[in-house]
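In: How does the following fold in three dimensions:
(one chain, ligands or ions: 2)
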Amino acid sequence: MYIATMQLYKTQHLKVYNSLSSTKELFEPINEGHVGMYVCGPTVYSNVHLGNCRTFMSFDMIFRYLRHLGYKVRYVRNITDAGHLEDDADEGEDKISKKARLEQIEPMEVVQRYTVDFHNILQKFNFLPPSIEPTATGHIIEQIEIIKDILEKGYAYEINDSVYFDVKKFNEDYEYGKLSGRKLEDMISNTRELAAQDDKKSPQDFALWKKAEPQHIMRWPSPWGDGFPGWHLECTAMSTKYLGENFDIHGGGMDLKFPHHECEIAQAEAGNGHSPVKYWLHANMLTLNGKKMAKSTGNNILPNEIFSGNNSILSKGFSPSVVRFFMMQAHYTSILDLSNDALLASEKGYQRLMDAITGLDGLNTGANSDFDIKDWRQKCYDAMNDDFNTPILIANLFEGVKHINLIKEGKEQLSADDKKILIETMNSFTFDVLGLENKNDSGRDSEKLSGVVELLIQLRNEARANKDFDTSDKIRDQLAALGIQLKDSKEGTTFKVS
Ligand code: AMP
Ligand code: ZN
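Out: Numbering: from 1, shown residues only. Ligands and ions are numbered 1, 2, ... in the order given. Below you'll find the model as predicted:
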């Protein structure tokens, strides 16, 4: 239920926390009414864990709210299917190649398997698809062109068929480290000496193109010989291609600020002469046992484990909407720790919210309203306008729940016009913006259906006991016509819905 035509952004003034300035800034997109947003996607070499899902869910919520405000959003979220090495300092094997080698399958089979898994999980969590989902391997040509440009401008050097970004040279003309708040001099004094076999001039330099050794299976021809692009370059190539040299929002997890996003800024500035992004947004980490969830350490939990309850930390399974509600109860820039108790509490909260929303249409109305509905609605917007503060939004939704329950108990009243605002606000924030789904509806419906059929079975039994076979046959036949078959046995009558 998006009210895109309403251009709510003209009256609702959104502020976002920009990691580049470390302040909350008024959100003013480059082109009025339009937003370009790029979010670093997953490296598809294993199943996404719940931590990855949290970051993508934070940006799904941001995408949803921007759309709700009436912006036309082009949301680009890539798939990293090449170039991401095991070590951020350009060392180690390509994560996807390694998995392919271990499993003795093609790298693209690895990519396909985990891209499908990623999409399945996101669908369960009710994510909106991005506008474009480009892949690194689909943009090798664009990446090569950027390298040529940076080389030409003197901020990169070729050595032994690889190309590295020259951080020192770049820092003479620009500022390397401005996003992560690091100074190049400090980085230099804190880093180890270069290993003898390292081609780089300085440890801070990063790969734009790496020569493929004979055993490296993911390789492409280039002006510097067969090789593969550096990890940071793909995001510069794809964001520029689809959103332009200047775009509004770049997002990702906090852990990508350095070196990934810092290097993206450097590449774009070296090539185009100016900063690429107006607002850098970073989502915070999901932790387990107080430690960051990560694929590499094994300290993680998979979405399917949480849905089924098949994990030793869980007492039961939790539905995707409950997990989503749990995530939304924390601000996206705060660390969130996952535990069974926290999930149980979220399940109760989610249930209370859904109970209040279910059947809202039938809420009685009165002549006047006992509370200021417009003021309450604005408080919901104020929460979201304050850097997408979903926990405060949820607190406000529960304020709505309190009034709904008082009205149901006949202790408060609401006018018919205000009831419309109440329903629209509860629905649009709960479902459109937070992305929750009301699983109550179908569950409750089947519960009600069972109740009605059981009642008819009872009436039919009474009719048969009274030898009123006209009535008992009528009940059986008409239920059959509706696709509900009754089956009599010694134990009693059961039914099946076809
Ligand atoms: P990767 O597939 O490792 O490139 O990560 C995909 C996204 O998940 C990145 O934006 C990471 O910052 C994010 N991420 C990784 N671990 C966590 C975590 N424990 N909590 C939240 N986000 C995470
Ligand atoms: Zn990226």
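In: Enumerate the residues of this protein near ligand 1.
Out: Contact residues, the chain versus ligand 1 (C-beta under 6 Å from any ligand atom): 40, 42-43, 51-52, 54-55, 80, 252-253, 255-256, 285-286, 292-294. (Glycine included, C-beta is placed from N, CA and C.)
In: Okay, and which of those residues map to strands?
Out: By the criterion of DSSP state E, membership of the residues of the chain next to ligand 1 in strands covers G252, G253, L286, K292.
In: Please identify which helix or strand holds the closest residue in space to A416 that isn't next to it in sequence.
Out: Spatial nearest neighbour of A416, chain neighbours left out: T365 (4.4 Å); criterion: C-beta to C-beta, 6 or more residues apart in numbering. T365 is part of no helix or strand when elements are defined by DSSP states H and E.
In: Check the gap between T365 and ligand 1 for me.
Out: Look at T365 and ligand 1: by C-beta to the nearest ligand atom, to the nearest Å, they are 44 Å apart.
In: what does N396 give?
Out: 26 Å.
In: Make sure that residue is actually in contact with C380.
Out: Yes - using C-beta atoms under 8 Å, N396 is in contact with C380, at 4.8 Å.
In: what pairs with the residue of the stretch 201-350 of the chain found nearest ligand 1 across the strands?
Out: Proximity of the stretch 201-350 of the chain to ligand 1 (C-beta to the nearest ligand atom) peaks at G253, 1.9 Å away. Under DSSP bridges, the beta-bridge partners of G253 are A283.
In: residues touching it, list them.
Out: The contact partners of G253, taken as C-beta atoms under 8 Å, 6 or more residues apart in numbering, are C40, T55, H282, A283, N284, M285.
In: from these, which single one is nearest ligand 2?
Out: Ligand 2 lies nearest to C40 out of the contacts of G253, by C-beta to the ion, at 3.1 Å.
In: can you give me the strands in the stretch 201-350 of the chain?
Out: Counting by DSSP state E, counting those that start in this stretch, the segments of the stretch 201-350 of the chain that form strands are 206-211, 227-229, 247-253, 277-283, 286-288, 291-292, 336-338.
In: List the buried residues for the second one?
Out: If I follow you right, that is strand 227-229. By 16 or more other C-beta atoms under 10 Å, the buried positions in strand 227-229 come out as G227, F228, P229.
In: what's it in contact with?
Out: Residues external to strand 227-229 that are found in contact with it (C-beta under 8 Å, 6+ apart): 82-83, 94, 136, 140, 143-144, 147, 161-162, 208-212, 216, 218-220.
In: which of the residues you listed are buried?
Out: 82-83, 94, 136, 140, 143-144, 147, 161-162, 208-212, 218-220.
In: Okay, and which of these map to helices?
Out: Members of the buried ones among the contacts of strand 227-229 lying in helices (criterion: DSSP state H): I140, Q143, I144, I147.
In: does the last one really touch L233, like I thought?
Out: Yes - counting by C-beta under 8 Å, L233 is a contact partner of I147 at 7.2 Å.
In: so what sits against both of those two?
Out: When contacts are counted by C-beta under 8 Å, 6+ apart, the set common to I147 and L233 consists of L208.
In: In contact with the residue in the stretch 51-200 of the chain that ligand 1 sits nearest to, which residues are there?
Out: Nearest residue of the stretch 51-200 of the chain to ligand 1 (C-beta to the nearest ligand atom) works out as G51 at 2.5 Å. G51 makes contacts with M285, L286, T287, K292, M293, A294, N300, as judged by C-beta under 8 Å, 6+ apart.
In: what do you get for S369?
Out: Counted by C-beta under 8 Å, 6+ apart, S369 has contacts Q413, L414, S415, D418.
In: Then R101?
Out: By C-beta under 8 Å, 6+ apart, the residues touching R101 are E93, I217.
In: can you check G41 too?
Out: Contacts of G41 were listed using C-beta under 8 Å, 6+ apart, and they are F56, R77, N78, I79, T80, E133.
In: please redo it, this time with the cut-off set to 7 Å
Out: Counting by C-beta atoms under 7 Å, 6 or more residues apart in numbering, G41 touches R77, N78, I79, T80.
In: and whatever residue of the stretch 101-250 of the chain ends up closest to ligand 2, how many neighbours does it have?
Out: Nearest to ligand 2 in the stretch 101-250 of the chain, going by C-beta to the ion, is C235, at a distance of 3.2 Å. Using other C-beta atoms under 10 Å, C235 is surrounded by 29 other residues.
In: swap in T358?
Out: 14.
In: returning to what we had before: by neighbour count, which of the contacts of S369 wins?
Out: Neighbour-wise, the contacts of S369 (other C-beta under 10 Å) top out at L414, 23 neighbours.
In: one step back: out of the contacts of G51, grab the one that's most surrounded.
Out: Busiest of the contacts of G51 [other C-beta under 10 Å] is L286, holding 25 neighbours.
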